[in-house]
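>>> Quick one: sequence plus predicted model below, questions after.
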Amino acid sequence: MRPVWVEVDLEAVAHNFHVVQKLTGAGTKVMAVVKANAYGHGAVEVARRLRQAGASYFGVATQQEALELREAGVEVPILILGFTPLEDAEATVARGITQTVFSLAQGEALSRAAVKLGRPAAVHVKLDTGMGRLGVPPGEEAARLIEELAKLPGLVVEGVFSHLARADEEDKGPALAQIRRFREFLETLQRKGFVVPLRHLANSAAVMELPESHLNLVRPGIMLYGLYPSPERRPEGISLRPALSWKARIVQLKTVPPGTAISYGGSYVTERETLVATLPLGYADGLRRALSNRGEVIVRGRKVPIIGRVCMDQTMVDVTGIPGVAVGDVVTVIGREGDAEISAADMAGLLDTISYEVVVGIGPRVGRKYLPENTKAAGG
């Protein structure tokens, strides 16, 4: 096995799921969002463990992600949160996958597939309450859409939802305005005689700080993996456990004299005799090139600097003065070793981005190991 891997602590994922349950209460179901390969953690294994923990629904971004879960034996409801081409409606219905809709044409395509296959097609209608992305504005247009969808043979309007754009900010005003618009629309539906079974709005930030958004279903994503939606917002009393560690092994050690240029472009030149360790990972694996001469890794419990440009497949670090360092030593790229820690948020800060992008960006050629290793998560 290539000496670069990610370790995913499935018990940490389960712990974080139970934090969601405590915050939302028994009357609220949890749709665990496992899109983008469970934010880089591995969708199938994570979904299996979350099902054991009590997840009643899964959220994904694409039909391909939903089908992957079905092929792995995950049979609980799955909502495709994004768009699926109309010509692919039959595959969605055939596997009992729920589709987000925001147009009548989508509903008609799913209805035709449902009639042909002789099985119902469930849909959730997406409202745009302030994200400016997918969805129908809440109001008469959306009410008419739901009314027309409800008339289509084989189609079941199971849910209505929206997405909060700024719930992770200290100023909750914009999020509260979206919540108000969504609730007002639900009241409009009720006056028209429509009661949609599932109503959901809360993402991770709202789960933690906006209980008025919880309704009867919530959609946590990033918090399930032990990461906070925003580095500025860590609510008191909420303790998440990071599930992911990223590791590699030193494959070469080499002492070079002062004045030695390291990596492409000679952007780093040693000022003293330097012990250089080469690691077998690079930007093709998700270790961003912007970390060149800026990032760090942990070797034998101490942080050491990345020197020179991060290459596509290899990276060099300065391990001068690390006692006992040897070829084969495990290096921590993200995670904790002793008192030293490099979090996804730390790396994101150096890159002027968010922790989501860091973990999602860890590439498919980096193997995933699941802890505890003797745990076999059930399907279903």
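Arrived safely.
>>> longest single helix anywhere in the protein?
In the chain, assigned by DSSP state H, the helix with the most residues is helix 173-191.
>>> Please state the offset of that one from the chain centre?
26 Å (CA atoms, centre = their mean, to the nearest Å).
>>> What is the subsequent helix or strand relative to that helix?
Where DSSP states H and E defines the elements, the next helix or strand beyond helix 173-191 is strand 198-200.
>>> And the next helix or strand after that following strand, what's buried?
Counting by DSSP H and E, the element after strand 198-200 in chain order, helix or strand, is helix 204-209. Applying a neighbour-count criterion of 16 or more other CB atoms under 10 Å, the buried positions in helix 204-209 are 204, 205, 206, 207, 208, 209. Backbone N, C-alpha and C define where each C-beta goes, glycine included.
>>> next one: stretch 269-281
Buried, per 16+ other CB under 10 Å, within stretch 269-281: 270, 274, 275, 276, 277, 279, 280, 281.
>>> quick one: contacts for the fifth one?
What it means is residue 277. Residue 277 makes contacts with 250, 252, 253, 299, 304, 316, 317, 318, 319, 325, 331, as judged by CB atoms under 8 Å, 6 or more residues apart in numbering.
>>> In a strand, it, correct?
Yes - assessed with DSSP: H, G, I helix; E, B strand; the rest coil, residue 277 lies in a strand.
>>> Could you check how far it is from residue 305?
Residue 277 sits 11 Å away from residue 305 when distances are taken as CB to CB, to the nearest Å.
>>> Quick check: neighbours shared by those two?
In contact with both residue 277 and residue 305: 317, 318, using CB under 8 Å, 6+ apart.
>>> tell me the helices in the chain, going along the chain?
Under DSSP H, the chain gives helices at 10-24, 35-40, 43-53, 63-71, 89-94, 104-117, 140-151, 173-191, 204-209, 344-351, 355-360.
>>> Can I get those helices in TSV including mean pLDDT?
Shown next, in TSV, are those (pLDDT from 0 to 100):
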stretch	mean pLDDT
helix 10-24	98
helix 35-40	98
helix 43-53	98
helix 63-71	99
helix 89-94	99
helix 104-117	99
helix 140-151	97
helix 173-191	97
helix 204-209	98
helix 344-351	98
helix 355-360	98
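>>> Tell me which of these sits most buried.
Comparing these by mean neighbour count (mean count of other CB atoms under 10 Å), helix 204-209 ranks first with a mean of 24.
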